[in-house]
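In: Fold the following, please.
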Amino acid sequence: MPAAIAIIAALPREIAALVRGVAPDPGLVREGVWLYRVDGGVVVAAGMGADRAAIAVAAAWAAGDVGLLVSAGLAGSCGAEARVGSVIEAGVVVDARTGERFGAEGVVLATTETIASVGEKARLREVYGASIVDMESAAVARLAEAHGLRFRAIKGVSDAHDFELSSMARFAGERGTFRTWAFALHTAARPWTWGKAVTLGRGSARALVGLDKALRAVLGEDVR
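Out: Now for the predicted structure:
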């Protein structure tokens, strides 16, 4: 059955609820790609960043015909209007590295190469009018445009515009993974970071609940 909708995420935990009870393609897991075939399409997580997003899109195409690419997952807030725990669909995606824009109007999502600091969030807000920031959407939007496919970016907001946990970026691993256990051990040894880590965890959990609901609605659409 052709895959009409391809949902592209970064980390498996971002789509865990959506694919609960479904086994990923075992061959692809060895390559750091979690591809799940679900009713309505495929769901793929292949890691953080543009290169891994492109790998996820390629895996989705190999699984069947795609009419809609959806960049999904968690994003950071760049402004007070993007509340933690909310789910936001961007109308404009900006590649912060090149300034390239996809989409004409609506909420602006900026894509960066690394996890954005508070200072970077403020810059993205000032330069691009960004409400949220991630690391993958621009790559997915670019591929959708190049292949004449529909594109949507749907994100759950995990952290506030003034939130920063400075140690986060160092735990990006190979193939775009996030080294959760290493981060947990690092945080456990630094009690002054516990409050922020708990805040981030709670915000992410709330965002993922809403994101799951939104993505299930997308999978129920007919895009043929």
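
In: Every contact and neighbour count from this point should use C-alpha atoms.
Out: Will do.

In: Report how many residues lie close to Glu81.
Out: 12 (other C-alpha atoms under 10 Å).

In: Surely it is in a strand?
Out: No - applying DSSP: H, G, I helix; E, B strand; the rest coil, one finds Glu81 to be coil, outside a strand.

In: So what sits opposite the residue nearest the centre of the chain in the bridge?
Out: Nearest residue to the geometric centre of the chain (C-alpha atoms, centre = their mean): Gly73, 3.2 Å. Beta-bridge partners recorded for Gly73 (DSSP bridges): Lys155.

In: The one 4 residues further on now?
Out: Beta-bridge pairing of Ser77, defined through DSSP bridges, involves Ile132.

In: could you measure Gly154 against Ala10, distance?
Out: Quick fix: residue 154 reads Ile, not Gly. Computed with C-alpha to C-alpha, to the nearest Å, the distance linking Ile154 and Ala10 is 13 Å.

In: mind listing the helices for this protein?
Out: Along the chain, counting by DSSP state H, helices occupy 26-29, 50-63, 118-128, 137-146, 180-188, 194-219.

In: same for the second one, what does it pack against?
Out: It stands for helix 50-63. Judged by 3 or more C-alpha pairs under 8 Å, 6 or more residues apart in numbering; DSSP states H and E, the packing partners of helix 50-63 are strand 5-9, strand 41-45, helix 137-146.

In: Any buried residues in it, and which?
Out: 50, 52-57, 59-61, 63 (16 or more other C-alpha atoms under 10 Å).

In: now do the fourth one
Out: Within helix 137-146, the residues scored as buried using 16+ other C-alpha under 10 Å are 137-144.

In: ok so, going back, make JSON lines out of the helices of the chain and add mean pLDDT and distance to Thr111.
Out: Formatted as JSON lines, the helices of the chain follow (pLDDT from 0 to 100; distance: least, C-alpha to C-alpha, whole Å):
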{"stretch": "helix 26-29", "mean pLDDT": "93", "distance to Thr111": "26"}
{"stretch": "helix 50-63", "mean pLDDT": "94", "distance to Thr111": "9"}
{"stretch": "helix 118-128", "mean pLDDT": "95", "distance to Thr111": "9"}
{"stretch": "helix 137-146", "mean pLDDT": "97", "distance to Thr111": "6"}
{"stretch": "helix 180-188", "mean pLDDT": "58", "distance to Thr111": "22"}
{"stretch": "helix 194-219", "mean pLDDT": "86", "distance to Thr111": "19"}
